[in-house]
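Peer 1: sequence first, predicted coordinates after that:
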Amino acid sequence: MQLNRRGLLGLSASAAAFAIGTPRGRAADPVKVGLILPMTGPFQSTGRQVDAAARLYVQQNPAATQGRPVEIITRDDAGVPDTTRRLAQEFVVNEKVSVLAGFGLTPLALAAAPIATRAKVPLIVTSAATASITQASPFVVRASSTIAQTASIAGDWAARNKMGKVVTLVSDYGPGIDGEAWFNKRYTAGGGTIAASLRVPLQNPDFAPFLQKARDESPDGLFVFVPSGMGAAVMRQFTERGMGQSGIKLFGTGDLTDDDILNGMGDPALGIITSHFYSAAHDSAVNHAFVDAFGKANGGLRPNFMAVGGYDAMGMIYRALEKTGGNTDGEAMVDAIRGLSFESPRGPIAVDPATRELTQNVYMRKVEKRDGQLWNIEFETFPAVKDPANTKA
């Protein structure tokens, strides 16, 4: 999504002065973070999770550095890129935010990237997963993952486990195309055969005809990537067609068995294997504390990978402000974020200084029932995985 040139040129003179780097913020001024998220529409779970986690971090850390409070302002883009672009411009011009963050889908992040570049404001992606997003602006930093990271590990795992023939089924947009490409690359390199590569429309998807095509190929496995929230529909239709009973193994990236909706999927989800960077069942002291605090602050809600992206985005902001001494100049902030490393609820993470992507563990997980609830239980760790699509020497 390209920014309309006329809209950018329409910035007022005062806004333009702000955009090119007018010093922002005295010690007592709040650091404003503009969260742009889909709070309504089909991807509202993403917005709810990210917003709740970001606010939890601020609740736990009332001030960043030198006593400066952090103020989160959330706006709903309903998953519409034109709305995202307008909100980003309003945040920069009217609200004078120090950081833009959020972005539930790739087209939304790409809509805001030119504004971040022009205004020299850091844009921290908490959710969207296409590898090219960080290349759209030098001010973009990833706090989540790329699909290339998780899909490539799924490909390695499938080949190593002698899954001889696989059909891939992905949503037809940036992350799905990345997922298809990187799964296929690593799976075929390990000796596997791709029987068919199917792409489903992102808007108003009907998985039924694609699942039937997959079944007709009689594969050993069906690799799936769909955005968070759509996994339940895939699971239901996969089960209705008896595909599991016919010997086809359903697996994919962790979006398929999103922790936020996993319990609602019921027993058909049992045994599904996914590759991902976070599970609410991750066994670490940091994660246990995060899951407990998140649940208490949100009526028992279980955090998902979107939540940990929002939580860690705030962790990046706070740590950057410590390094800059409270200076919110955009270039200084991005430079301070480069190379950051800390223990996240997901495990150890580090911001690659060259790519502004995260180096992080990727886990293979299996859905199991424990104490009457479904969980993504990690059974293998691939440590310190860089984004293969953006790796630089």
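Peer 2: Done, it's in.
Peer 1: where do the strands sit along this protein?
Peer 2: 31-37, 70-76, 99-102, 123-125, 140-142, 165-171, 193-200, 221-225, 249-253, 273-276, 341-344, 347-351, 358-370, 373-385 (DSSP state E).
Peer 1: need those in JSON lines with mean neighbour count and distance to A151, can you?
Peer 2: Any C-beta I mention is one placed from the backbone N, CA and C, and that applies to glycine too. Output for those, formatted as JSON lines (neighbours: other CB atoms under 10 Å; distance: least, CB to CB, whole Å):
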{"stretch": "strand 31-37", "mean neighbour count": "26", "distance to A151": "24"}
{"stretch": "strand 70-76", "mean neighbour count": "18", "distance to A151": "29"}
{"stretch": "strand 99-102", "mean neighbour count": "30", "distance to A151": "23"}
{"stretch": "strand 123-125", "mean neighbour count": "30", "distance to A151": "18"}
{"stretch": "strand 140-142", "mean neighbour count": "27", "distance to A151": "16"}
{"stretch": "strand 165-171", "mean neighbour count": "24", "distance to A151": "9"}
{"stretch": "strand 193-200", "mean neighbour count": "17", "distance to A151": "13"}
{"stretch": "strand 221-225", "mean neighbour count": "28", "distance to A151": "7"}
{"stretch": "strand 249-253", "mean neighbour count": "25", "distance to A151": "6"}
{"stretch": "strand 273-276", "mean neighbour count": "26", "distance to A151": "7"}
{"stretch": "strand 341-344", "mean neighbour count": "16", "distance to A151": "21"}
{"stretch": "strand 347-351", "mean neighbour count": "20", "distance to A151": "19"}
{"stretch": "strand 358-370", "mean neighbour count": "20", "distance to A151": "10"}
{"stretch": "strand 373-385", "mean neighbour count": "17", "distance to A151": "11"}
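Peer 1: got those strands as CSV, with distance to F238 and mean pLDDT columns?
Peer 2: Compiled in CSV, the strands of the chain are given as follows (distance: least, CB to CB, whole Å; pLDDT from 0 to 100):
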stretch, distance to F238, mean pLDDT
strand 31-37, 29, 97
strand 70-76, 32, 97
strand 99-102, 31, 98
strand 123-125, 30, 98
strand 140-142, 31, 98
strand 165-171, 10, 97
strand 193-200, 13, 97
strand 221-225, 7, 97
strand 249-253, 6, 96
strand 273-276, 14, 98
strand 341-344, 32, 98
strand 347-351, 30, 98
strand 358-370, 13, 98
strand 373-385, 16, 98
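Peer 1: out of the ones you listed, which comes closest to A285?
Peer 2: strand 341-344 (9.1 Å; CB to CB).
Peer 1: sheet partners, orientation included, of that closest one?
Peer 2: strand 347-351 (antiparallel) (DSSP bridges).
Peer 1: and Q360, bridged to which residues?
Peer 2: Bridge pairing for Q360 - DSSP bridges - gives I349, V385.
Peer 1: how much space is there between it and S344?
Peer 2: Going from Q360 to S344 by CB to CB, to the nearest Å gives 8 Å.
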